[in-house]
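Colleague: take a look and give me a structure for this.
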Amino acid sequence: MGFGEIRMIGKQACPNCKGTNVAEIMYGYPSSEFLDELKKDENKGKYQLGGCCISNDDPAFSCNDCGYLFGNREDYDDDD
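Modeller: Next up is the predicted model:
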């Protein structure tokens, strides 16, 4: 998936607080189109920018309620 695309991954539950107010963490350099999509009301709280430095053990999700980071980005990466 390119950084210009918004995608939907099934609803995740936080393993720390069990909340479902969870954002997918997006890594890489975002396109201006992606940043415009992030500003839309329907996308608020669904995505968080994770930065450009990517490693093998980056978290995939961030809980908007308790701040817990969880999941492994590589488990949800569909670029393979």
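Colleague: every contact and neighbour count from this point should use C-alpha atoms.
Modeller: OK.
Colleague: just the helices from the chain, written as ranges.
Modeller: 32-38, 73-76 (DSSP state H).
Colleague: and of the ones you listed, who's closest to Ser55?
Modeller: helix 73-76 (9.1 Å; C-alpha to C-alpha).
Colleague: related to what we said a few turns ago, least reliable of the helices of the chain going by mean pLDDT?
Modeller: When the helices of the chain are ranked by mean pLDDT, helix 73-76 comes last with a mean of 79.
Colleague: which parts of that one are buried?
Modeller: Residues of helix 73-76 classed as buried under the neighbour-count rule (16 or more other C-alpha atoms under 10 Å) are Arg73.
Colleague: low-confidence regions, the protein specifically.
Modeller: Filtered on pLDDT under 70, the chain yields the residue ranges 1-10, 77-80.
Colleague: switch the cut-off to 50
Modeller: Along the chain, the parts satisfying pLDDT under 50 run over 1-6, 8, 80.
Colleague: before we move on, the earlier item: output the helices of the chain as CSV; include the columns distance to Cys53.
Modeller: Shown next, in CSV, are these (distance: least, C-alpha to C-alpha, whole Å):
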stretch, distance to Cys53
helix 32-38, 18
helix 73-76, 13
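Colleague: and of those, who's closest to Ile25?
Modeller: It's helix 73-76; of those, that one is closest to Ile25 (C-alpha to C-alpha) at 8.1 Å.
Colleague: what's in contact with the closest one?
Modeller: Under the contact criterion C-alpha atoms under 8 Å, 6 or more residues apart in numbering, helix 73-76 has outside partners Asn56, Asp57, Asp58, Pro59, Ala60.
Colleague: measure the third one to Glu33 for me?
Modeller: Distance, Asp58 to Glu33, using C-alpha to C-alpha, to the nearest Å: 24 Å.
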